[in-house]
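>>> One predicted model, sequence on top.
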Amino acid sequence: MGLLDNEPQWTPCSEDSISHPCYTRPLLGGELNLGYISRVNNGFGDVCIGLDFTASIAKDQLKTAAQLALARLRFVSPIIAADTRGTKENEHALSWHYPVLSSSQEAIAWARDCLVVLPRPTNIDEFLRGATKTLLPYTLSDGRDQYFRAYLLLGDKECSLFFHGCHSMIDVRPALRALSSMLGWIAEFDSLDLVVSSLQWGTEWKNLPAGPVTSMGGPSPPWEEGGQELFNKAMEARQRQATPTLLARRDTVSEPGVQLRIVRTLGAELSKRLLAKVKSYGLTVTHLLVAAMALAVLNIRPIPKEELATRYYTVASVPISTDRYLIPPHNVPSRFTTGTADWPISWPLSILLDVDDPKERLLATMRAIKPQYDVFMASPHAAQLSAATLKIFPPSGGPIKVDGEGRDQSFMSNVGVLESFIATSWPRAEAASDSQSKLTISAFNIAQRIIAGWLFTHAWSIHDSLHVQVQASDMWDIAQLDEYIDEVVRQALYILHD
């Protein structure tokens, strides 16, 4: 039997009451990795993600419509109502447990319990800090644990819809699709009650997501035909000498979950020029941003020139979307679970020896990064690397301890162009102008619960503008993050120099 054969499927479980039959399957691949990290590291990685929007809908209607939209989301993406449990023998052997509903009335009651309506603060960071300080799970009125909650923030001019939950469930692209779907349903609130009541409750469990191997058509080709080679390349990169890093101001986290967050926005015109120039070199924005991050670190905290000849820069984990690998019936917008594969990028710093021009340093770094992405993207085993890794090395032991220089390493995640995978205004007819739209998305927000010294950098584009964000724990000072994110942007803009 091959390493990835016979992936577990959803099966009935018996410990829940007869009135609520339950279905279960183990967390698999990235789900298990992220779920384990959160469990043993005080919620590390739990995520809060949301969209700001304007709406020509009365606030009382907006609240009712959001509850109905969340009930509808439970039908198409029922995993949001599942909890995770270990076994008596092994608390780290986590499984999903989903309680099946019997009626739309139960679904709406759950949605009212799960959706929290609050005034929208002037500074959205106030809400995000509160969310990331909250340690999961939430407890519902029936006493059941839940690793997901929705928030509707109502303001005079602008509102927000957020999800907060475990990263094994809430991944950026699937969550954004779900948020966009909910906003689209809210915009059609006149018919939403009828839609929810007409759904075949009791069958929604059939929409629970299959595991990563099943969703991609099975282990084809078998892992044994080249998969181990890909795994070995990843392990080799991660086991290299500690990468150069910045240095956090403090050695420990003072208040777990308190996150510092800074966003820089490039205007639409500048963003368009940047994208065009990157494409002209046959490279991508992800290549640009990873290179800019590394060069920012090296510029703020240089290493001796003699060390460039022998050292490597390693980004231990670069998330890459697995959407392209999904097959019917799994490649649907309602699929709601972690949807990325992690791949390390590592390159020799010797490429910078005797290269003083900042644009040439940037291009040299981007060109060193590109082949490693190409190796990963060309492998038929790429999307199943996480599943295989967790089979080879099942989670075990206690909290992650990162000491020395690796403690403060930086990570980069490029979400991409939001309009390429979600709608941003309703009605969606091309003839409708923004002034005619009933509901329009204006911005995207993300924050994670960070309890270590790592720096997390995210980038995304919406309304033609590129946004770059850094977030960190209170081991860092805000002035350090300001310097870092400004240097990342400065390094990236060197691509435009003649």
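Structure's in. What do you need?

>>> can you tell me which residues contact the closest residue to Thr389 other than its chain neighbours?
Using CB to CB, 6 or more residues apart in numbering and skipping residues adjacent in sequence, the residue nearest Thr389 is Phe231, 6.6 Å away. (Glycine included, C-beta is placed from N, CA and C.) For Phe231, the contact set (CB atoms under 8 Å, 6 or more residues apart in numbering) comprises 385, 388-389, 392.

>>> Counting only helices, which of the residues you listed make the cut?
Among those, DSSP state H puts 385, 388-389, 392 in helices.

>>> Just the buried ones out of those, please.
Using 16 or more other CB atoms under 10 Å as the burial test, the ones in helices among the contacts of Phe231 include 385, 388-389 as buried.

>>> And those residues, which is closest to Trp476?
Thr389 (29.6 Å; CB to CB).

>>> just to revisit the earlier point, turn the buried ones among the ones in helices among the contacts of Phe231 into JSON lines, columns for distance to Gln448 and pLDDT.
Output for these, formatted as JSON lines (distance: CB to CB, whole Å; pLDDT from 0 to 100):
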{"residue": "Leu385", "distance to Gln448": "22", "pLDDT": "86"}
{"residue": "Ala388", "distance to Gln448": "25", "pLDDT": "88"}
{"residue": "Thr389", "distance to Gln448": "21", "pLDDT": "86"}
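
>>> List just the nearest of the residues you listed to Thr203.
Ala388 (32.7 Å).

>>> Distance check, the closest one against Gly227.
Ala388 is 6 Å from Gly227, where distance means CB to CB, to the nearest Å.

>>> shared neighbours of these two, which are they?
With CB under 8 Å, 6+ apart, Ala388 and Gly227 have common neighbours 3-4, 381.

>>> Of those, just say which sits nearest to Ala210.
Relative to Ala210, and with distances defined as CB to CB, the nearest of those is Leu4, at 13.3 Å.

>>> what about the helices in the protein?
Going by DSSP H, the chain shows helices at 30-40, 59-76, 104-114, 124-133, 172-187, 192-198, 212-215, 227-238, 268-280, 285-300, 358-378, 385-392, 478-493.

>>> so which of those helices comes closest to Ser14?
Of all the helices of the chain, helix 104-114 comes closest under CB to CB, at 20.4 Å.

>>> Averaged pLDDT, that closest one. What do you get?
Throughout helix 104-114, pLDDT has a mean value of 97.

>>> hang on, the earlier thing: including distance to Leu481, could the buried ones among the ones in helices among the contacts of Phe231 go into TSV?
Below are these laid out as TSV (distance: CB to CB, whole Å):
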residue	distance to Leu481
Leu385	31
Ala388	35
Thr389	31
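
>>> quick one: which of the residues you listed is nearest Leu27?
Using CB to CB, these come closest to Leu27 at Thr389, 13.8 Å.

>>> how near is the closest one to His467?
For Thr389, the distance to His467 - CB to CB - is 31 Å.

>>> Can you tell me how far the residue lying closest to Lys391 once chain neighbours are set aside is from Glu31?
In space, and not counting its chain neighbours, Lys391 is closest to Leu3: 5.6 Å by CB to CB, 6+ apart. Distance, Leu3 to Glu31, using CB to CB: 17 Å.

>>> Tell me which of these two has more neighbours.
More crowded of Leu3 and Glu31, by other CB atoms under 10 Å: Glu31, with 28 against 17.

>>> For the more buried one, give me the pLDDT.
For Glu31, pLDDT reads 92.

>>> wait, it sits on Thr340?
No - look at Glu31 against Thr340 with CB atoms under 8 Å: they stay out of range, at 11.0 Å.

>>> show me what contacts Met169?
Neighbours of Met169 in contact, by CB under 8 Å, 6+ apart: 31, 79-80, 82, 147-148, 336-338.

>>> ok, of those, which one's closest to Thr11?
For those, the nearest to Thr11 is Ala82 (13.7 Å; CB to CB).

>>> ok, the closest one - how many residues close by?
24.

>>> any idea how far it is from Gly257?
Taken as CB to CB, the span from Ala82 to Gly257 is 23 Å.

>>> and if you look at Leu362?
35 Å.

>>> Just confirm Trp201 contacts Arg72, I think it does.
No - applying CB under 8 Å, one finds Trp201 not in contact with Arg72, separated by 11.1 Å.

>>> re the thing from before, show me just the buried residues among the contacts of Met169.
Applying 16+ other CB under 10 Å to these flags 31, 79-80, 82, 147-148, 336-338 as buried.

>>> how about those residues in TSV, adding distance to Asp125?
Shown next, in TSV, are the buried ones among the contacts of Met169 (distance: CB to CB, whole Å):
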residue	distance to Asp125
Glu31	29
Ile79	28
Ile80	25
Ala82	30
Tyr147	23
Phe148	22
Phe336	26
Thr337	28
Thr338	25
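
>>> Mind picking the lowest-pLDDT entry from these?
Thr338 (86).

>>> Any figure for the gap between it and Leu362?
Counting by CB to CB - Thr338 and Leu362 are separated by 31 Å.

>>> got it, and Ala69?
44 Å.

>>> neighbour count winner among these two?
Ala69 (28 against 23).
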